[in-house]
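Peer 1: What follows is a predicted structure for the sequence shown.
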Amino acid sequence: MLVTLGFTAWRLVGNLKSLSDAVARLNQRLAPTLEELAAKSEEAAKRAEKLQARGQRGGRHDHR
(Lines give C-alpha, C1' and ligand atoms only; values in the text may rest on other atoms or scores of the structure.)
Protein backbone atom coordinates (compact mmCIF):
# COMPACT_ATOMS: atom_id res chain seq x y z
CA MET A 1 0.00 0.00 0.00
CA LEU A 2 2.84 2.40 0.76
CA VAL A 3 4.34 1.66 -2.64
CA THR A 4 1.04 2.53 -4.32
CA LEU A 5 0.72 5.72 -2.27
CA GLY A 6 4.29 6.72 -3.07
CA PHE A 7 3.80 6.05 -6.79
CA THR A 8 0.56 8.06 -6.81
CA ALA A 9 2.25 10.99 -5.05
CA TRP A 10 5.17 10.83 -7.51
CA ARG A 11 2.78 10.92 -10.48
CA LEU A 12 0.81 13.77 -8.89
CA VAL A 13 3.98 15.85 -8.50
CA GLY A 14 4.92 15.12 -12.12
CA ASN A 15 1.46 16.13 -13.32
CA LEU A 16 1.57 19.33 -11.28
CA LYS A 17 4.94 20.25 -12.80
CA SER A 18 3.58 19.62 -16.29
CA LEU A 19 0.52 21.71 -15.54
CA SER A 20 2.68 24.52 -14.17
CA ASP A 21 4.83 24.48 -17.33
CA ALA A 22 1.74 24.54 -19.55
CA VAL A 23 0.28 27.50 -17.64
CA ALA A 24 3.58 29.38 -17.92
CA ARG A 25 3.70 28.79 -21.69
CA LEU A 26 0.10 29.90 -22.06
CA ASN A 27 0.82 33.03 -20.04
CA GLN A 28 3.74 33.87 -22.33
CA ARG A 29 1.52 33.45 -25.39
CA LEU A 30 -1.35 35.48 -23.97
CA ALA A 31 0.65 38.36 -22.46
CA PRO A 32 1.08 40.33 -25.74
CA THR A 33 -2.60 39.89 -26.60
CA LEU A 34 -3.71 41.04 -23.16
CA GLU A 35 -1.43 44.09 -23.39
CA GLU A 36 -2.89 44.93 -26.80
CA LEU A 37 -6.44 44.58 -25.47
CA ALA A 38 -5.61 46.84 -22.53
CA ALA A 39 -4.20 49.50 -24.87
CA LYS A 40 -7.25 49.33 -27.14
CA SER A 41 -9.56 49.53 -24.14
CA GLU A 42 -7.77 52.62 -22.92
CA GLU A 43 -7.98 54.16 -26.39
CA ALA A 44 -11.72 53.44 -26.56
CA ALA A 45 -12.24 55.00 -23.13
CA LYS A 46 -10.43 58.17 -24.24
CA ARG A 47 -12.56 58.37 -27.39
CA ALA A 48 -15.74 57.90 -25.37
CA GLU A 49 -14.63 60.64 -22.98
CA LYS A 50 -14.00 63.00 -25.91
CA LEU A 51 -17.39 62.22 -27.41
CA GLN A 52 -19.10 62.77 -24.10
CA ALA A 53 -17.33 66.11 -23.60
CA ARG A 54 -18.22 67.16 -27.14
CA GLY A 55 -21.86 66.26 -26.52
CA GLN A 56 -21.98 68.27 -23.29
CA ARG A 57 -20.41 71.33 -24.92
CA GLY A 58 -22.84 71.17 -27.82
CA GLY A 59 -25.80 71.20 -25.48
CA ARG A 60 -27.57 68.58 -27.54
CA HIS A 61 -30.87 67.31 -26.24
CA ASP A 62 -32.56 64.04 -26.98
CA HIS A 63 -35.49 64.76 -29.28
CA ARG A 64 -37.98 61.94 -29.46
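Peer 2: That came through, no problem. Every value quoted in this text rests on a predicted model; they were computed, and no experiment measured them. Numbering: from 1, shown residues only.
Peer 1: Got the phi and psi for the residue sitting nearest the centre point of the chain?
Peer 2: With distances taken as Cα atoms, centre = their mean, Leu34 lies nearest the centre of the chain, 5.5 Å away. The phi/psi pair for Leu34 (degrees, to the nearest 10) reads phi -70, psi -40.
Peer 1: as a whole number, average confidence for the helix or strand hosting Gly55?
Peer 2: Assessed by DSSP states H and E, Gly55 sits inside helix 2-58. Helix 2-58 shows a mean pLDDT of 95.
Peer 1: Tell me the helices and strands packed up against that helix.
Peer 2: Contact partners of helix 2-58 among helices and strands, from 3 or more Cβ pairs under 8 Å, 6 or more residues apart in numbering; DSSP states H and E: none. Heads up, the C-betas are built off the backbone N, CA and C, glycines and all.
Peer 1: Determine the number of other residues adjacent to Ser41.
Peer 2: By other Cβ atoms under 10 Å, the residues close to Ser41 number 10.
Peer 1: Over to Lys50?
Peer 2: The tally of other residues near Lys50 (other Cβ under 10 Å) stands at 10.
Peer 1: And it, how close does it get to Asp21?
Peer 2: 45 Å (Cβ to Cβ, to the nearest Å).
Peer 1: And for Thr4?
Peer 2: Taking Cβ to Cβ as the measure, Thr4 falls 26 Å from Asp21.
Peer 1: Report the separation between Gly58 and Lys46.
Peer 2: On the measure of Cβ to Cβ, Gly58 and Lys46 end up 19 Å apart.
Peer 1: Next, the contact list for Arg11, please.
Peer 2: For Arg11, no contacting residues are found, by Cβ atoms under 8 Å, 6 or more residues apart in numbering.
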